[in-house]
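Participant: Structural data only, the sequence is not supplied:
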């Protein structure tokens, strides 16, 4: 929900938030604008920027662009194992979430 994203942004303070995606920048920009959350993110690291997850590059690049050191204080929220592997390899914390598309119902 947008309110959750707004709360996360508030809690990040001056450190900011980033999107790290293996999708093209045009798709990333379109998605953020469509859902009216583009103003919440300071940085987007996309497939054109370098090696994709699970390589640590995109998470490390997001940290660099935000001006923060990769550490366990930096949290990468992702919905795939590659997201978590990338975060940990970059020296950050990875938190996995289930999306409606990949959540199993009982």
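Facilitator: Okay, I see it. Keep in mind that what you see is a predicted model, and the values were worked out from it rather than measured. Numbering: from 1, shown residues only.
Participant: Strands along the protein, start to end?
Facilitator: Remark: strands assigned in the chain by DSSP state E are 18-20, 43-45, 75-78, 93-96.
Participant: Could you export those as TSV, including mean neighbour count?
Facilitator: Bear in mind the C-beta positions are built from the backbone N, C-alpha and C, glycine included. Formatted as TSV, these follow (neighbours: other C-beta atoms under 10 Å):
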stretch	mean neighbour count
strand 18-20	23
strand 43-45	20
strand 75-78	18
strand 93-96	15
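Participant: Export these as a markdown table, with columns for mean pLDDT.
Facilitator: Listed next are the strands of the chain as a markdown table, based on pLDDT from 0 to 100:
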| stretch | mean pLDDT |
| --- | --- |
| strand 18-20 | 97 |
| strand 43-45 | 97 |
| strand 75-78 | 94 |
| strand 93-96 | 95 |
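Participant: buried residues in stretch 2-16?
Facilitator: Within stretch 2-16, the residues scored as buried using 16 or more other C-beta atoms under 10 Å are 9, 12, 16.
Participant: wait, I meant stretch 45-64
Facilitator: Buried residues in stretch 45-64, counted by 16+ other C-beta under 10 Å: 45-47, 49, 52-54, 56-63.
Participant: Could you identify the most distant pair in those?
Facilitator: Pairwise distances across the buried residues of stretch 45-64 (C-beta to C-beta) peak at 18.0 Å, for the pair 47 and 63.
Participant: pLDDT weak spots in this protein?
Facilitator: Within the chain, the stretches with pLDDT under 70 are 1, 102-106.
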